[in-house]
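Engineer: Got a sequence here, can you model it:
(chains A and B)
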Amino acid sequence: MSSFYNEAKFLISDGEQMRIDTYAVGRKTMQQSDAFKGTFYENFTLVYALPLSNHDNSSLMLIAGFYALLFMFGTCGNAAILAVVHHVKGQDPRSRHNTTLTYICILSIVDFLSMLPIPMTIIDQILGFWMFDTFACKLFRLLEHIGKIFSTFILVAFSIDRYCAVCHPLQVRVRNQRTVFVFLGIMFFVTCVMLSPILLYAHSKELVMHEKVDLDQEVITRMHLYKCVDDLGRELFVVFTLYSFVLAYLMPLLFMIYFYYEMLIRLFKQANVIKQTLVGRRSGGEEKKLTIPVGHIAIYTLAICSFHFICWTPYWISILYSLYEELYQDTKSTASPPTYAFIYFMYGVHALPYINSASNFILYGLLNRQLHNAPERKYTRNGVGGRQMSHALTTNTRPEYSELIAIPSSSCRPDSRVSAMIHNNNNNTESLPLAQNISNMTNKDSATIVPMPMSANVDGNEIYNWITPDTESVIL
Amino acid sequence: MSTNLVDYVDDSYLNQSMNSENGLDSVTQIMYDMKKYNIVNDVLPPPNHEDLHVVIMAVSYLLLFLLGTCGNVAVLTTIYHVIRSSRATLDNTLIYVIVLSCVDFGVCLSLPITVIDQILGFWMFGKIPCKLHAVFENFGKILSALILTAMSFDRYAGVCHPQRKRLRSRNFAITILLVLAVYAFITLCPLLWSFTAREIILYAKETAPGMLTRMKIEKCTVDIDSQMFTAFTIYQFILCYCTPLVLIAFFYTKLLSKLREHTRTFKSSQIPFLHISLYTLAVACFYFLCWTPFWMATLFAVYLENSANSSSVPPVFVYIMYFIHALPFTNSAINWILYGALNGQLQQRYRSNRSNSTKKTTTTTASTALLEKKITNLNTNSNYQVNGSMNSIATAAPTKTIGNNEVLVATSTIDDDVATDVVDVRLLSNHNPTFL
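Structural biologist: Numbering: from 1, shown residues only, chains lettered A, B, ... in the order given. The predicted structure is shown next:
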């Protein structure tokens, strides 16, 4: 640090008033500069000054503090989800091939990476200028936009995964691990292609804010700063914004709504069929335990879509608004400068995508029942005593819909074909009226009933065979 | 403490630079009479963004921050998940790991503040955040080191004195943690009280008749005189570094001696002595490597402060100090790997939940016998007495073929040994083995 400083005063326009700010400047002699050769200022000394930091601006510091909290919440939350998924996969060998857990892993990793630019944003806000170089600027933009585009693509893949699990449970190839990684690879490639203009043109740009000429001492004093800008051309900026809006916001939103809507329609039909099937049973207590929790799934799905809509729609509206300003700024030569309220509002709007990345782990990770119920399933296989204990605790502490996974002790799942045949022989007399009812229903409403893999002699044990592991994974 | 030390070195360095370049102006500064000037302009220095070492330090500290906060949260989440899934109660090892992760998380929270302070070159937050920053940083680091000492004692008690149940109870662990927190707070109380945002004038110049321009900054540093700071540093070194280090070395040495003796006596023992030895050495050496340079640098700075030729600070020393002060933060950021992720007890919890698996484990024979007891109780619903003799195990075992083989191996081992060794086996089987 140089111990010799000069002072420079600049007349700063502060709204409706004018004030004089004093800056400390370091001496950088730039004589014989090409820009000034042959002009009156050829022998002048060029001195640079940096603007003061924003640490006195309390509003800006509050925004920086909010970004810091967002960063903490996002990084630690996603790390926690990765730890839990790692633990579940290590404990249950079957869950290693679960496509939902794979999507949760990739989503948490991508959201974690999209949180990393926030410290750079905070330092940029506090200092008031970009203190890193062009390479850091490109990396900053890459990580920032990956979170916006690739993360959205993963959410769409999530909805497709659940749609296939509910509407096409027999097509196992669609939910294969290899298919998942191929799909993710294609989406990543599309994301990189979409972001290539940003990577090419992003750089650290020097801006000269003020310039003062001292004729007596032959000194030119400049106040300059650096900013990390995209610096796309006008036409390229318009094209980039429009196809980003269509491909990264509009189409994903429509896909998400379509797939979740189809999934809910299917689940409602299945729930109705199960209810009608269970009407013939004599025991009324078990009826509640076998119902698919459609209400819970519907609320969860609506929460996912609404949260995505709330976080991204204001952001893209502001982008389109700035695009509109860009296109028609020539005809608005008398446009007034933006007010402070508008600037702070834009800060809030641009924080919404970060809130989405920081909170995705709640909707897709914490609220996912697969992570919660995986250990329960293992625990019930330790023995008869453990099973009874587990069932008792489940009845007391779990909501009703999770009973579908913790099987009641009165209806043990058969471990082999021989055991199933024995049960069928024992319950042959009791299940006879049930079979007749199902036959009648099949004859009457054969066009509307969704076909299920049932045999003629259906009883309490056979219904569980229809609930495959893939179907269980859909129960949220 | 590290901020305070850096500030002392920075002040010496700055004074040296100013004296060497502007000797005459330095004398003139002292003679300024503030009453003569009608206007005083306070100017802030430009930020340190162009210094390469500041950028490297900032990136390194932020990486440590990410590693520390996310790693500790991951460990806490895993512990919560394990406890909830296995319905087991918290034992004292998990209590220590949980508190250690929380304390290390708090220590890592102070890293971004340090980064902003270094980039701007001055403290921008005010007096009260200055004290909070000092509490999180210094108190957390000392408490973290003390908890490592408590964990070494916990393992020592588990291996060398298994019959003393009280030493490893949950209440005892909580009491130890509270005592350590009070101990750390009392030793650090003079330092924490003295932290304040102190104003420093780097440069002053008369720029016009009746107008003085000076460069004034604030630094979050200790407002304490030199002699008291020297005494404080010395007893801090003894109480918070030497004592924990000696205790850690003592406890782990006794633990390894006990295990080696046990391994030599029972040839068929499956205790992974080599694994435990390497782990213990890694833990002790990591603590030594992170804290010894820090305390050596602190004592060296105190020596420089008291020596007559205070202008002999080399500029490269300031850069080395930045690296040395990152070492305690590295300790807090990596503790979750040594004590959490590599903790065999968490992994053993996973394995015990899969009692149906036939995977071969590295547990001891006594542990296998305990596992057989649990399975027997689960199958026959009998209320088996822990203090029963080995004959009871042989009686219960014939119901299972595999269990019978395991117990026969244990029985044959016991018959071949001397009577005193039989007592040791029984004592060992009375508690869950300690997995490092």
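Engineer: which residue sits closest to residue B:180, ignoring its sequence neighbours?
Structural biologist: Counting by CB to CB, 6 or more residues apart in numbering or on different chains, the nearest residue to residue B:180 once its immediate chain neighbours are dropped is residue B:146, at 4.4 Å. (C-beta placed from N, C-alpha, C; glycine too.)
Engineer: Just say helix, strand or coil for residue A:206.
Structural biologist: strand (DSSP: H, G, I helix; E, B strand; the rest coil).
Engineer: beta partners for it?
Structural biologist: residue A:226 (DSSP bridges).
Engineer: Please tell me I have it right and it contacts residue A:224.
Structural biologist: Yes - counting by CB atoms under 8 Å, residue A:224 is a contact partner of residue A:206 at 5.6 Å.
Engineer: I'd like the next helix or strand past the helix or strand where residue B:150 lies.
Structural biologist: Assigned by DSSP states H and E, residue B:150 falls within helix B:140-160. Proceeding N to C from helix B:140-160, the next assigned helix or strand is helix B:170-194, under DSSP H and E.
Engineer: That next one versus helix B:140-160: what angle between them?
Structural biologist: Using axes from the mean of the first three to the mean of the last three CA atoms, to 10 degrees, the inter-axis angle of helix B:170-194 relative to helix B:140-160 is 160 degrees.
Engineer: which outside residues touch stretch A:315-324?
Structural biologist: The contact list for stretch A:315-324 (CB atoms under 8 Å, 6 or more residues apart in numbering or on different chains) reads A:237, A:238, A:241, A:242, A:245, A:249, A:346, A:349, A:350, A:352, A:353.
Engineer: and it, which residues are buried?
Structural biologist: Of the residues in stretch A:315-324, A:315, A:316, A:319, A:323 count as buried by neighbour count, 16 or more other CB atoms under 10 Å in any protein chain shown.
Engineer: quick one, which of residue A:206 and residue A:224 is more surrounded?
Structural biologist: Higher neighbour count among residue A:206 and residue A:224: residue A:224, with 15 against 12, using other CB atoms under 10 Å in any protein chain shown.
Engineer: thinking that one is in contact with residue A:204, fair?
Structural biologist: No - judged on CB under 8 Å, residue A:224 makes no contact with residue A:204 at a distance of 11.9 Å.
Engineer: what's the distance between whatever residue of the stretch 101-250 of chain B ends up closest to chain A and residue A:119?
Structural biologist: Across the stretch 101-250 of chain B, no residue is closer to chain A than residue B:124, which sits at 3.8 Å (CB to the nearest CB). Here the criterion is CB to CB, to the nearest Å. By it, residue B:124 lies 16 Å from residue A:119.
Engineer: about what we covered before: closest one to residue B:285 out of the buried residues of stretch A:315-324, please.
Structural biologist: For the buried residues of stretch A:315-324, the minimum distance to residue B:285 (CB to CB) is 50.0 Å, reached by residue A:315.
Engineer: so which helix or strand takes in that closest one?
Structural biologist: According to DSSP H and E, residue A:315 maps onto helix A:294-327.
Engineer: confidence score at residue B:112?
Structural biologist: In the predicted model, residue B:112 carries a pLDDT score of 88.
Engineer: what do you get for residue A:219?
Structural biologist: 71.
Engineer: count of residues packed around it?
Structural biologist: 17.
Engineer: Show me what it is bridged to.
Structural biologist: Beta-bridge partners of residue A:219, counted by DSSP bridges, are residue A:45, residue A:214.
Engineer: contacting residues for residue A:133?
Structural biologist: By CB under 8 Å, 6+ apart, the neighbours of residue A:133 are residue A:204.
Engineer: hmm, back to that, any of the contacts of stretch A:315-324 buried? List them.
Structural biologist: Neighbour counting with 16+ other CB under 10 Å marks A:237, A:241, A:245, A:249, A:346, A:349, A:352, A:353 as buried within the contacts of stretch A:315-324.
Engineer: from those, which two are the most distant?
Structural biologist: A:237 and A:352 (21.5 Å).
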